[in-house]
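J.: Quick one, what's the 3D model for this:
(chains A, B, C, D and E)
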Amino acid sequence: MIKGRVAGRVWSTRRIGSLPQGALLEVELENGSRLIAFDPLGCGNGEAVLITQGSVAAAFFEKAKAPVDALIVGAIDETA
Amino acid sequence: MIKGRVAGRVWSTRRIGSLPQGALLEVELENGSRLIAFDPLGCGNGEAVLITQGSVAAAFFEKAKAPVDALIVGAIDETA
Amino acid sequence: MIKGRVAGRVWSTRRIGSLPQGALLEVELENGSRLIAFDPLGCGNGEAVLITQGSVAAAFFEKAKAPVDALIVGAIDETA
Amino acid sequence: MIKGRVAGRVWSTRRIGSLPQGALLEVELENGSRLIAFDPLGCGNGEAVLITQGSVAAAFFEKAKAPVDALIVGAIDETA
Amino acid sequence: MIKGRVAGRVWSTRRIGSLPQGALLEVELENGSRLIAFDPLGCGNGEAVLITQGSVAAAFFEKAKAPVDALIVGAIDETA
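T.: Numbers count the residues shown, from 1 in each chain, chains lettered A, B, ... in the order given. Here you go, the predicted model:
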């Protein structure tokens, strides 16, 4: 998995039907690059998150063919 | 997923039979590199798109063995 | 596989239910980048480890759908 | 998929039995790096090609377990 | 696939039970980075090899769940 920090949200009205409904968050990784991950946890802007990539990210969805290759699997505990 | 911007189209007359018919778009990513993605949405040149990569991209196609590892899953909403 | 060295542990209280219980270790790779890997071996801080990535990492878990894309498969023998 | 240009051929006499017979071409990518792809199309040196990577490349072969992670899926049309 | 050159061997006494017995070789790639690949061919130090990565590398093993994501599939013929 990789760590990142939520940097915004992406909206896509024109999309393929098999893309699941739900939040698509833009996450900034530690090296400065960005990716878009599906968020089932309701993470907020600036929150530190743990992301799983590849086919195991898609396995989260009940229907086997969700075209999702990045999934937020946890919010990272941060000490205040 | 990753964000990119449509930068052109690739044509391949001599191809393997299992490569699906349809548009193969060249997409420029935020880091300047490029990849070729299958486009089921009819995206236009310069449009911002969301791309899924790997085996989950191939799962979009009815026949399980489509050799496609990058799929445009949505056009990104952009404010005018 | 890739080599790395354990550099800490990540805690995630708010997480998806299918993420297995167990240690999530932060591992520093030889190029200086970091990833988070599931550790079934009880590795300690500073220990050299061997990591497998991708869908074969998830296959370690009995339930097929564990969203884990990096697994510590061995501690590397180091001469004293 | 990614674009590349055929830069040579690799020969391997001592190989595992499940590696399919056929041409293994060295392809130079746009960023200057190189990979080795299986070529079912008989591409020539210097030709521009489209390559699919990962498990979907292996799905091209009738026997499911071909250890091939890069496949030339098309020759790219180039205007003279 | 990618080309590399055998640069050593890695030993791991404390390992998960599903990691297959056999040589784990450290291979230096053309860009200077290194990875660890399972070697079913008995390659020697300094030998040029061809490596397959990802889930298709694991498919080499009879038991489906071998956590191996890099496999030496051939020794590359080199002219003397």
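
J.: Quick check: phi and psi on the residue in chain A positioned nearest to chain D?
T.: Among all residues of chain A, residue A:55 sits closest to chain D, at 7.9 Å; criterion: Cβ to the nearest Cβ. The way it works is simple: take the backbone N, C-alpha and C, and place the C-beta from them, glycine included. When quoted as degrees, to the nearest 10, the phi and psi of residue A:55 stand at phi -60, psi -30.

J.: Give me the neighbour count for it.
T.: Other residues near residue A:55 come to 22 when the count uses other Cβ atoms under 10 Å in any protein chain shown.

J.: now do residue A:43
T.: 21.

J.: Pretty sure it sits against residue A:6.
T.: Yes: contact criterion Cβ atoms under 8 Å: residue A:43 and residue A:6 qualify, at 5.3 Å.

J.: Need the overlap of contacts for those two.
T.: For the pair residue A:43 and residue A:6, residues contacting each of them under the criterion Cβ atoms under 8 Å, 6 or more residues apart in numbering or on different chains are A:25, A:49.

J.: residues in contact with the residue of chain A closest to chain D?
T.: Applying Cβ under 8 Å, 6+ apart, one finds that residue A:55 lies in contact with A:69, B:54-56, C:54-55, D:55, E:55.

J.: Just the buried positions in stretch A:24-39, please.
T.: By neighbour count on 16 or more other Cβ atoms under 10 Å in any protein chain shown, the buried set for stretch A:24-39 is A:24-27, A:29, A:34-39.

J.: average pLDDT across that stretch?
T.: With pLDDT averaged residue by residue, stretch A:24-39 scores 97.

J.: next one: that stretch to chain centre, how far?
T.: Between the centre of stretch A:24-39 and the centre of its host chain there is 7 Å, according to Cα atoms, centre = their mean, to the nearest Å.

J.: One more: stretch A:35-52?
T.: Relative to the chain's own centre, stretch A:35-52 is displaced by 5 Å; criterion: Cα atoms, centre = their mean.

J.: shouldn't residue A:40 be in contact with residue C:16?
T.: Yes: counting by Cβ under 8 Å, a contact exists between residue A:40 and residue C:16, whose distance comes to 5.9 Å.

J.: Name the nearest of the contacts of residue A:55 relative to residue B:75.
T.: Proximity of the contacts of residue A:55 to residue B:75, judged by Cβ to Cβ, is greatest for residue A:69, which lies at 17.7 Å.

J.: How about the backbone phi and psi for the closest one?
T.: Taking degrees, to the nearest 10, you get phi -120, psi 10 for the backbone angles of residue A:69.

J.: residues touching it, list them.
T.: Contacts for residue A:69 (Cβ under 8 Å, 6+ apart) come out as A:53-55, A:57-58, B:1, B:52-54, B:56-57.

J.: Among those, which ones are in helices?
T.: Within these, residues falling in helices by DSSP state H are A:55, A:57-58, B:56-57.

J.: Give me the distance between residue A:12 and chain C.
T.: 22 Å (Cβ to the nearest Cβ, to the nearest Å).

J.: so what's that residue closest to, chain neighbours aside?
T.: Closest residue in space to residue A:12, ignoring its immediate chain neighbours: residue B:74 at 3.3 Å, by Cβ to Cβ, 6 or more residues apart in numbering or on different chains.

J.: Quick check: bridge partners of that neighbour?
T.: Residue B:74 has the following beta-bridge partners by DSSP bridges: residue A:15, residue B:50.

J.: and it, what does it touch?
T.: Taking Cβ under 8 Å, 6+ apart as the criterion, residue B:74 is in contact with A:12, A:14-16, A:19, B:41, B:49-50.

J.: Report pLDDT for it.
T.: According to the model's per-residue confidence, residue B:74 sits at a pLDDT of 98.
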